[in-house]
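Asks: Can you look at this prediction? I've put the sequence above it.
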Amino acid sequence: MKRSILSVLGVTGLLVLAGCLETMPGPDRPHRPRPPRPEKPAMCTREYAPVCAVKKGKRQTFSNACMARDKGYTVVDQRPCGR
C-alpha cells in the first residue's frame, strides 16, 4: 500500500515538473522582439567651416559638414547658405 502511494506521488511529482518545464520558452516558441537600439551618437569636431546643406528642400547653414550629416542633411556648398 505504501509503495503504491509513493509511486503515485512520484508520478504526480514528475507530471508537475514536466508542466513547469513546458512553460519555459523553447526554440519553437517565438520570443518577444527586442526594442530597437538607439543610433550611435555622432562624434563631430567643433571646427568652424560653415557649409550649406539641404534636406527635403530646406536649406540650412551648419558649422561644419559633420554636423550637417548628423542631422540628416546633404552638403550642397562649402559656404554658408545665401551667399
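Replies: Sure thing, it's come through. Quick caveat: nothing in here was measured; it's all calculated off a predicted structure.

Asks: Check the gap between the nearest residue to R46 once chain neighbours are set aside and P38 for me.
Replies: Excluding its sequence neighbours, the residue lying closest to R46 (CB to CB, 6 or more residues apart in numbering) is S63, at 7.5 Å. For glycine as for every other residue, the C-beta is placed from the backbone atoms N, C-alpha and C. Counting by CB to CB, to the nearest Å, the separation of S63 from P38 is 24 Å.

Asks: Please identify which of these two sits among more neighbours.
Replies: Taking other CB atoms under 10 Å, S63 and P38 do not tie; S63 has more neighbours (16 against 6).

Asks: so what's that one up against?
Replies: Neighbour list for S63: R46, E47, Y48, A49, P50 [criterion: CB atoms under 8 Å, 6 or more residues apart in numbering].

Asks: Mind pulling up the pLDDT for the first one?
Replies: Per-residue confidence for R46 comes out at a pLDDT of 90.

Asks: what's around it, how many residues?
Replies: Residues near R46, counting by other CB under 10 Å: 8.

Asks: can you list the weak-confidence ranges in this protein?
Replies: Per-residue confidence for the chain (pLDDT under 70) gives these ranges: 1-3, 6, 8-9, 11, 13-31, 40-42, 83.

Asks: Show me the strands in it, by range?
Replies: Along the chain, the stretches classed as strands by DSSP state E are 51-55, 58-62, 74-77.

Asks: Tell me where this protein has helices.
Replies: Secondary structure of the chain (DSSP state H): helices at 2-22, 65-70.

Asks: Can you give me the end-to-end span of stretch 54-64?
Replies: Its first and final residues considered, stretch 54-64 spans 13 Å by CA to CA, to the nearest Å.

Asks: Flag every buried residue along it.
Replies: Going by neighbour count (16 or more other CB atoms under 10 Å), the buried part of stretch 54-64 is F62, S63, N64.

Asks: That's all I had, so thanks and see you.
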